[in-house]
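S.K.: structure, please.
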Amino acid sequence: MKKVKAALPLAVSLALGLQVLPMSTSPVQAEATANAAHHSAKVEVKRANAFLTNVANGKTKEAKRYFSRSLQSKMSEDNLKTWWSSLTAQLGAVKRLGQLYKVKSIPFTKI
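M.R.: All right, here's what the predicted structure looks like:
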């Protein structure tokens with residue numbers, strides 16, 4: 001059941017074209033990267049929340065604003081509605097939107 005719940009954030013991340021920052025090898029760089037990623041993640045969470053709010057309320061034109069230009073040209077509003085209907089049929093309707101939590105840095109060993 002937990003794997004199914006994780007499908008929605010993954011699907012939204014892929015739809016919005018979110019990317020992960022590359023890992024660094026220095027602890028100082030890792031901390032700086034983590035802080036930058038956290039700030040970037042806050043912005044992306046706001047974008048994802050806006051996207052989900054719009055698409056869940058049937059406002060596909062507004063939801064498409066959060067797509068890349070390439071994706072906007074490839075996915076029509078009707079396709080977005082169909083995709084969303086399929087996703088909610090499989091996973092259920094959005095009940096609430098989550099929030100971002102900062103995870104404590106985990107020490108690592110340079111290899």
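S.K.: which parts of the chain are helices?
M.R.: Per DSSP state H, the chain carries helices over the ranges 2-16, 27-56, 60-63, 69-74, 77-91.
S.K.: how about stretch 63-81: buried residues?
M.R.: Within stretch 63-81, the residues scored as buried using 16 or more other C-beta atoms under 10 Å are 63, 64, 66, 67, 75, 80. C-beta here means a position set from N, CA and C on the backbone, and glycine is covered the same way.
S.K.: no, scratch that, I was asking about stretch 50-60
M.R.: Buried residues in stretch 50-60 (16+ other C-beta under 10 Å): 51, 52, 54, 55, 60.
S.K.: just confirm the third one contacts residue 48, I think it does.
M.R.: This means residue 54. No. Between residue 54 and residue 48 there is no contact under C-beta atoms under 8 Å: 10.8 Å.
S.K.: coming back round to it: out of the buried residues of stretch 50-60, which is nearest to residue 71?
M.R.: Ranked by distance to residue 71 (C-beta to C-beta), those are led by residue 51 at 11.5 Å.
S.K.: please report how far that closest one lies from residue 91.
M.R.: Taking C-beta to C-beta, to the nearest Å as the measure, residue 51 falls 16 Å from residue 91.
S.K.: now residue 52
M.R.: From residue 52 to residue 91 the distance is 12 Å (C-beta to C-beta).
S.K.: same question, residue 62
M.R.: 22 Å.
S.K.: please apply the same query to residue 81.
M.R.: 16 Å.
S.K.: name all residues that make contact with the closest residue in space to residue 72 that isn't next to it in sequence.
M.R.: Of all residues beyond its chain neighbours, the one nearest residue 72 is residue 64 (5.5 Å), with distances taken as C-beta to C-beta, 6 or more residues apart in numbering. Neighbour list for residue 64: 72, 75, 77, 80 [criterion: C-beta atoms under 8 Å, 6 or more residues apart in numbering].
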